[in-house]
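>>> Provided below are the primary sequence and the corresponding predicted coordinates.
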Amino acid sequence: MPALQSIVLTDRAATPVNHTFLPSNLTAGVGMVVESSGLKVGDSKFSISNRKTTNGRYKATLKLEIPVVQTQIINGISTPVVVRIAYGNLEFSFDEKSTTQERKDLVGMLDSSLATAKTLVNSTVVDLEGVWG
């Protein structure tokens with residue numbers, strides 16, 4: 001069982017940037033790590049959990065939340081304000097009889113589907129285009 005620990009996630013900027021998420025809390029089996037700019041209102045959050053469901057399946061969930069913060073000035077007072085948040089959720093469900101290789105294959109194939117060269121996924125998710133036939 002992995003301990004709650006720091007994780008580095010790399011974005012897709014023209015010059016990729018590594019984002020370091022540090023342990024924040026562990027509540028009811030959900031580990032939370034955050035990337036902070038020093039203002040809690042602007043923290044990016046990544047959470048991970050795994051639990052066994054009542055029907056015997058294992059359910060692992062990854063969630064990423066990235067806020068965009070701007071400074072609002074009212075009566076000469078500057079205040080950081082979240083103007084929008086991007087959310088990403090990835091959920092896995094495995095039978096308790098699944099093999100390590102079956103789980104590796106599923107994770108690898110999903111990872112592969114997120115490559116920029118995979119137009120179906122990239123254009124739909126990143127470019128916000130609809131799927132058509």
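Received, thanks.
>>> and the protein, what are its domains?
7-98, 99-133 (automatic domain parsing).
>>> closest one to residue 1 among those?
Among these, domain 7-98 comes nearest to residue 1, with 9.0 Å by Cβ to Cβ. Backbone N, C-alpha and C define where each C-beta goes, glycine included.
>>> between the two ends of the closest one, how far is it?
With Cα to Cα, to the nearest Å as the measure, domain 7-98 spans 27 Å from end to end.
>>> likewise for stretch 47-67?
For stretch 47-67, the first-to-last residue distance is 15 Å (Cα to Cα).
>>> with mean neighbour count, distance to residue 1 and mean pLDDT added, can I get the domains of the chain in a markdown table?
Below are the domains of the chain laid out as a markdown table (neighbours: other Cβ atoms under 10 Å; distance: least, Cβ to Cβ, whole Å; pLDDT from 0 to 100):
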| stretch | mean neighbour count | distance to residue 1 | mean pLDDT |
| --- | --- | --- | --- |
| domain 7-98 | 12 | 9 | 95 |
| domain 99-133 | 10 | 15 | 95 |
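>>> look at residue 107 and give its secondary structure.
Three-state call for residue 107 (DSSP: H, G, I helix; E, B strand; the rest coil): helix.
>>> could you report the separation of the spatially most central residue of the chain from residue 55?
Computing the C-alpha centroid of the chain and ranking residues by Cα atoms, centre = their mean puts residue 64 first, at 2.6 Å. Between residue 64 and residue 55 the computed distance is 27 Å (Cβ to Cβ, to the nearest Å).
>>> cool, and residue 1?
Computed as Cβ to Cβ, the residue 1 to residue 55 distance reads 22 Å.
>>> could you list everything the residue nearest to the centre of the chain pairs with in the sheet?
residue 46, residue 88 (DSSP bridges).
>>> quick one: it and residue 43 touch, right?
No - counting by Cβ atoms under 8 Å, residue 64 sits too far from residue 43 to count as a contact (12.0 Å).
>>> next up, phi/psi of the residue sitting furthest away from the middle of the chain, please.
Distance from the C-alpha centroid of the chain peaks at residue 75, with 36.8 Å (Cα atoms, centre = their mean). The phi and psi torsions at residue 75 (degrees, to the nearest 10) take the values phi 50, psi 40.
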